[in-house]
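K.L.:
give me coordinates for this.
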Amino acid sequence: MPQRTIDPADRTDPRLRALEHACRGVVGDRLRSVSINGPDHRGTVYRRSDLQPGTDEDVHEAMAADSSERSTVCADGGRRAAPEAGCTVHEFEGGYVTRIEVGETSVVATTGGIKMDRQTELSAAVTGIIGE
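P.N.:
Sure thing, here's the model as predicted:
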């Protein structure tokens, strides 16, 4: 299946809606944005309404690429959380950024703050939806 660029106005894809709801449900009001990069989809799934379009985009792109660019947007060296799920957490100027890898798909979420128990729940929720 060819990769589909996500139109943020298109809320019809049930897996993308489930991903957004799962992330919002686990993180709550501290969730800033969620993006996905994989063989089927690429783009922003959710951005908090008080954030301008493009906010956190450089963080999402650097984390999705898992490149050395990450060091220019992240303030720390990163912490591995739930390594079996391929999950990394970094601090950046707006809060925290988390990359969760499930197969060939990366989901990147930015938050104003996150506790490690919530991070584990977020990883499990994303893995459950993307791994279906």
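K.L.:
would you map the strands across the chain?
P.N.:
Along the chain, the segments classed as strands by DSSP state E run 4-5, 31-37, 41-47, 79-81, 87-92, 95-102, 105-111.
K.L.:
average model confidence for the first one?
P.N.:
When you say that, I think you mean strand 4-5. Confidence for strand 4-5, expressed as mean pLDDT, is 56.
K.L.:
do stretch 34-51 as well
P.N.:
89.
K.L.:
please renumber so the chain begins at 534
P.N.:
I'll keep to 534 as the first residue from here, and by that count the last item is stretch 567-584.
K.L.:
how about that stretch: buried residues?
P.N.:
567-571, 574-581 (16 or more other C-beta atoms under 10 Å). For the C-beta atoms, the positions are set from N, CA and C on the backbone; glycine is no exception.
K.L.:
need the max-distance pair from those residues.
P.N.:
Largest separation among these by C-beta to C-beta: 571 and 581, giving 22.5 Å.
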